[in-house]
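Trainee: everything below, folded, please.
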Amino acid sequence: MDKTSEYRNRIYQNYGTDFQDASEPFSIKKVMNWGRSYTYYLRGWLPADRKAAIVDVACGGGKLLHLYKHLQYENFIGVDISPEQVKLARQIAPQVVEANVLIWLEENPNTFDLITGFDIVEHLEKPEVLRFLDACYKALKPGGRLVLQTPNAETPWGTMHRYNDLTHEVCFNPNLISRLLRLSGFSFVEPRETGPVPWGHSLFSSIRFLIWQLIRLALKVWNLAETGSAGSGVFTRVFLVTALKPAG
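Mentor: The predicted model follows:
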């Protein structure tokens with residue numbers, strides 16, 4: 001076993017408890033609150049067909065799987081390398097697989113309409129990042145969609161998330177991950193912030209949204225003054241990015 005595998009195995013064994021403050025049993029109340037935000041963040045990106053084939057890779061304790069269940073999707077599964085995380089996620093969806101995501105995706109070509117991978121790509125070493133994106137591309141059906149979430153190197157708080165976990169190997173900004181996705185064959189790449197929800201969540205969230213718009217404007221002005229460019233406009237500490245596998 002190489003040194004990378006050794007330290008990963010040690011941390012991932014009880015990753016949910018030791019590093020994610022996961023609760024057992026599964027906390028429906030916390031996840032419903034999280035799900036309201038992510039229903040907004042994922043707007044326009046989820047399949048219209050409730051029978052679409054979906055996999056959430058590095059599914060963790062199953063928060064996103066719970067959202068799919070709540071939204072009445074019928075054909076979704078999760079994959080995670082951590083035995084503890086798999087045990088937690090199976091409280092929501094029994095069809096959760098304990099496996100190395102890279103190998104598992106490569107063994108399931110042209111299978112899925114949607115692949116989601118939240119907080120996984122930053123855990124991979126550089127060669128693994130390219131292997132992962134290539135594997136996602138091959139595992140998608142033509143016209144299928146990939147959605148990733150990762151810490152944002154473009155925010156002033158980016159290093160906080162970058163170094164908040166020993167297993168983080170790399171950090172991305174919207175520009176870099178977009179270029180890598182295109183390198184792997186994806187098209188229609190779109191990054192998106194994960195900031196306060198403007199409406200439909202809470203009054204407090206709506207107020208935060210208005211304040212956040214002022215902060216975003218200040219960050220754009222900062223970029224413009226220093227570099228002559230406003231930057232990507234994506235400044236939240238983590239961000240989402242989606243891309244499509246061409247249908248042709």
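Trainee: shouldn't Val129 be within a helix?
Mentor: Yes. Applying DSSP: H, G, I helix; E, B strand; the rest coil, one finds Val129 inside a helix.
Trainee: so who does it touch?
Mentor: Val121, Val170, Leu180 (C-beta atoms under 8 Å, 6 or more residues apart in numbering). For the C-beta atoms, the positions are set from N, CA and C on the backbone; glycine is no exception.
Trainee: count of residues packed around the second one?
Mentor: When you say that, I think you mean Val170. Other residues lying near Val170 total 18 when counted by other C-beta atoms under 10 Å.
Trainee: same check, this time on the last one
Mentor: If you count neighbours by other C-beta under 10 Å, Leu180 ends up with 19.
Trainee: then the first one?
Mentor: Other residues within reach of Val121 by the criterion other C-beta under 10 Å amount to 25.
Trainee: tell me, what's the model's pLDDT at it?
Mentor: Per-residue confidence (pLDDT) for Val121: 98.
Trainee: over to the second one?
Mentor: Listed pLDDT for Val170 reads 95.
Trainee: next one: the spatially closest residue to it that is not a sequence neighbour from Glu84, what distance?
Mentor: Leaving aside its sequence neighbours, Val170 sits nearest to Glu122 (C-beta to C-beta, 6 or more residues apart in numbering; 5.9 Å). Distance of Glu122 to Glu84, given as C-beta to C-beta, to the nearest Å: 20 Å.
Trainee: so Pro196 touches Arg208, yeah?
Mentor: Yes. Counting by C-beta atoms under 8 Å, Arg208 is a contact partner of Pro196 at 3.7 Å.
Trainee: those two: which is more packed in?
Mentor: Pro196 (20 against 16).
Trainee: let me know the pLDDT of that one.
Mentor: 96.
Trainee: contacts only, for it.
Mentor: Ser205, Ser206, Arg208, Phe209, Ile211, Trp212.
Trainee: and Gln149, which helix or strand is it part of?
Mentor: According to DSSP states H and E, Gln149 maps onto strand 140-151.
Trainee: packing partners for the helix or strand that comes right after that strand?
Mentor: Heading C-terminal from strand 140-151, the first helix or strand you meet, by DSSP H and E, is helix 158-162. Applying 3 or more C-beta pairs under 8 Å, 6 or more residues apart in numbering; DSSP states H and E, we find helix 158-162 packed against strand 140-151.
Trainee: mean confidence score for the strand holding Gln149?
Mentor: The average pLDDT within strand 140-151 is 98.
Trainee: check stretch 237-247 too.
Mentor: 97.
Trainee: report the buried residues of that stretch.
Mentor: By 16 or more other C-beta atoms under 10 Å, the buried positions in stretch 237-247 come out as Arg237, Val238, Phe239, Leu240, Val241, Thr242, Ala243, Leu244, Lys245.
Trainee: parallel or antiparallel, which strands does the strand holding Gln149 pair with?
Mentor: Applying DSSP bridges to the sheet, strand 140-151 is found paired with strand 112-118 (parallel), strand 238-244 (antiparallel).
Trainee: buried sites along it?
Mentor: Neighbour counts over strand 140-151 (16+ other C-beta under 10 Å) mark Leu140, Lys141, Gly144, Arg145, Leu146, Val147, Leu148, Gln149, Thr150, Pro151 as buried.
Trainee: ditto for stretch 187-202
Mentor: So stretch 187-202, judged by 16+ other C-beta under 10 Å, has buried residues Val189, Pro191, Arg192, Glu193, Thr194, Gly195, Pro196, Val197, His201.
Trainee: can you give me phi and psi for the last one?
Mentor: When read as degrees, to the nearest 10, the backbone of His201 gives phi -110, psi -60.
Trainee: wait, it touches Tyr41, no?
Mentor: No. Contact criterion C-beta under 8 Å: His201 and Tyr41 do not qualify, at 10.9 Å.
Trainee: before we move on, back to that, residues in contact with the residue nearest to Val170?
Mentor: Contacts for Glu122 (C-beta under 8 Å, 6+ apart) come out as Thr150, Pro151, Arg162, His168, Glu169, Val170, Cys171, Phe172.
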